[in-house]
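# output the structure for:
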Amino acid sequence: MDEPVLYIIVRNDMASMNPGKAAAQACHAANLAVGLATLCSMPFLQTWLDSGKGFGTTIVLVGAIDDIQRTLLFLPNSDEIISGTVVDPTYPIRDGQVTHEIPITTAAYFFGSKSLLSEILRFYPLMP
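Here you go, the predicted structure:
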């Protein structure tokens, strides 16, 4: 396996996804990815952690939910990749004076081989 990288895709098709919420959702995705890699004893996790000071390269992209779901559906089966979505159970949506907390998919993560993932995710733009 070449250099491991964590890619996070935050939804850009939600009017309520402001920069603060996007940062929080990206953190949720990173926590899920590292937790799953730890649980599954992914061999690339330690390489990723050692490449920095306890963290490795993370690239944050943006995309619409339909594109994210399509990418997850057609992701090749590989021992070099873990992936999933962030479903925030209490995502706040403001409606006038009332804030509703609803479960919604807000982001996705793809953790593994840089050469493989960069090719798959090449059409997603970087988060501005």
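
# when you work out contacts or count neighbours from here on, use the C-alpha atoms and nothing else.
OK.

# what packs against the one helix or strand G20 maps to?
Taking DSSP states H and E as the criterion, the element that holds G20 is helix 19-39. Here helix 19-39 touches strand 4-11, helix 44-50, strand 81-95, strand 98-113, going by 3 or more Cα pairs under 8 Å, 6 or more residues apart in numbering; DSSP states H and E.

# how about a cut-off of 7 Å?
strand 4-11, strand 98-113 (3 or more Cα pairs under 7 Å, 6 or more residues apart in numbering; DSSP states H and E).

# okay if I get the ones you listed as JSON lines plus distance to D79?
Below are the helices and strands packed on helix 19-39 laid out as JSON lines (distance: least, Cα to Cα, whole Å):
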{"stretch": "strand 4-11", "distance to D79": "12"}
{"stretch": "strand 98-113", "distance to D79": "9"}
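
# turn those strands into a markdown table, columns for mean pLDDT and distance to D67.
A markdown table is the format used below for these (pLDDT from 0 to 100; distance: least, Cα to Cα, whole Å):
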| stretch | mean pLDDT | distance to D67 |
| --- | --- | --- |
| strand 4-11 | 98 | 10 |
| strand 98-113 | 96 | 11 |
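
# out of the ones you listed, deepest packed?
Greatest average neighbour count among those goes to strand 4-11 (a mean of 26), per mean count of other Cα atoms under 10 Å.

# compute the inter-axis angle for it and helix 19-39.
Here the directions of strand 4-11 and helix 19-39 differ by 140 degrees (axes from the mean of the first three to the mean of the last three Cα atoms, to 10 degrees).

# please enumerate residues in contact with strand 4-11?
Outside strand 4-11, the residues that touch it by Cα atoms under 7 Å, 6 or more residues apart in numbering are 22, 26, 29, 44, 48, 56-65, 106-114.

# parallel or antiparallel, list what pairs with it.
strand 58-63 (parallel), strand 98-113 (antiparallel) (DSSP bridges).
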